[in-house]
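Participant: test case, fold it:
(2 chains)
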Amino acid sequence: MLLFREGSREAFEELFSRHHRAVVRFAWRMTGDPSSAEEAAQEIFLRIARAAPTYHPAAKFTTWMYTVARRTTLNYLRDTKEDGERVPILSEGEAEDGVYPLQLPGPDDRNPERVVWEAQLTERFRTALGELPEGHRAAFVLNRGDGFSYGEVAQVLGITVQAVKTRIFRAREMLLSRLSKDVSA
Amino acid sequence: MGCRDIRETISACVDGEASPEEAASVREHLASCERCRVLERQMRAVGAGVRQVRGRVPDRFREEVFARLESEGALPKRKKAFPAAWRWAAVPLAAAAGLGLFLLTSREAVRGPAPPVPATAWVGTSAPHAPSPQGNEAALSTEDREMLALLDILEDPADLDPNDDAEGMELVAPGDFADSPNPPRGGRSGA
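Facilitator: Next up is the predicted model:
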């Protein structure tokens, strides 16, 4: 990124080659559909390029990149919401303090350990993921999907490690609840 | 600790983010709670599920991103090979400059510090302020003359390139040989 900031086109090409798959995958998990993911992923790279002149390596590049990616997808989702589609987004405060009246599946429900590995349920999982509040989805996707530690997720989202821990737990609760309902329906 | 209180810690434990103390309390709880053991397995499974949502890179994604960047002027133009070649030419040029400096230094070292010129040194020559080469040589020893003759040879470009084929030589950066068994002609493109 520093080389790109100095005017090296080759540096940006290398950066793109290394990270475009991860960016597309993240956008897909956050937006939930291919066309939205493509638009958001393009926008992410545009923002990365535009931000180059002011880029300072205060954190790891990937942490910074995912911060840009998350903000871009969040804006994209907000724009989509304003256009009339229902996209579950909570403000930071709501997401931290929100209480969800969830009923966790009991031991008699079908075991999601087998369920989620079945290919035909991937679509249901994607839908359930899309129904999470954006802040919870981002935390869960970054940790479980992209392998970020709680500390790194906290950096990307700008929240505390404890808040990350809570969001990821809530995300699991909601996903398990949603998936068990799907299976029993 | 009750089930409700420990569930968040179970989630952190599944992610490898629990402290040793927390992990120990989770193990202790799971050993005696069937319901939470099931929940722990479910939490692991749902974490694996997110990795099944992969998506795919759209066709022409790269082309479209780069086209948009270029239309915005956010991407530097490709550099031509010429400036890169000059950049690599700096290495041998610097080496040549170093050699020249070495020769000059050697010359001084061979001569040593200039001895004080005796007042009689210019006796019989045309003028002290415009000494002729012949006048200088008259004051040199045989050994000095041999050394000067050697230096004259080294400083004559014709002696460095007796076959006059320097024009056909090319400047090659040290790294160029590492990339390929057949060194490329000319400088590196920089692409």
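Participant: next one: the most centrally placed residue in chain A from chain B, what distance?
Facilitator: In chain A, the centroid-proximal residue (CA atoms, centre = their mean) is A:A138; its distance is 3.2 Å. From A:A138 across to chain B, the span is 12 Å (CB to the nearest CB, to the nearest Å). In short, each C-beta sits where N, CA and C put it, glycine included.
Participant: repeat for A:R18
Facilitator: Using CB to the nearest CB, A:R18 is found at 13 Å from chain B.
Participant: so B:C3 makes contact with B:C33?
Facilitator: Yes. Applying CB atoms under 8 Å as the test, B:C3 and B:C33 come out as touching, 6.3 Å apart.
Participant: how near is B:L99 to A:R18?
Facilitator: 42 Å (CB to CB, to the nearest Å).
Participant: sorry, back to before: let's verify the residue nearest to the centre of chain A: helix, strand, or coil?
Facilitator: helix (DSSP: H, G, I helix; E, B strand; the rest coil).
Participant: and it, what does it touch?
Facilitator: A:A138 makes contacts with A:M30, A:R70, A:T73, A:L74, A:V153, A:V156, A:L157, as judged by CB atoms under 8 Å, 6 or more residues apart in numbering or on different chains.
Participant: who touches the last one in this structure?
Facilitator: Under the criterion of CB under 8 Å, 6+ apart, the contact partners of A:L157 comprise A:R70, A:G135, A:A138, A:A139, A:L142, A:V164.
Participant: what's whichever residue of chain B sits closest to chain A in contact with, if anything?
Facilitator: For chain B, the residue positioned closest to chain A under CB to the nearest CB is B:G55, at a distance of 2.9 Å. Applying CB under 8 Å, 6+ apart, one finds that B:G55 lies in contact with A:V24, A:R25, A:A27, A:W28, A:R29, A:P34, A:A37.
Participant: how about the last one, what does it touch?
Facilitator: Right, A:A37. A:V24, A:A27, A:W28, A:M30, A:T31, B:G55.
Participant: stretch A:160-171 and chain B in contact?
Facilitator: Yes. Part of stretch A:160-171 sits near chain B under the criterion CB under 8 Å from any CB of the partner chain, namely A:K165, A:T166, A:I168, A:F169.
Participant: determine which two of the residues you listed are furthest apart.
Facilitator: Set against one another by CB to CB, the residues of stretch A:160-171 next to chain B have their most distant pair in A:T166 and A:I168, with a gap of 7.4 Å.
Participant: so those two - more neighbours on which side?
Facilitator: A:I168 (26 against 21; other CB atoms under 10 Å in any protein chain shown).
Participant: for that one, give me its contacts.
Facilitator: Applying CB under 8 Å, 6+ apart, we find A:I168 in contact with A:H136, A:A139, A:F140, A:N143, A:R144, A:Y150, A:V153, B:S11, B:A12, B:D15.
Participant: show me the contacts for the nearest residue to the last one once chain neighbours are set aside.
Facilitator: Spatially, and ignoring its direct neighbours in sequence, B:D15 is nearest to A:N143 (6.1 Å; CB to CB, 6 or more residues apart in numbering or on different chains). Shown in contact with A:N143 (CB under 8 Å, 6+ apart): A:S149, A:Y150, A:V153, A:V164, A:I168, B:D15.
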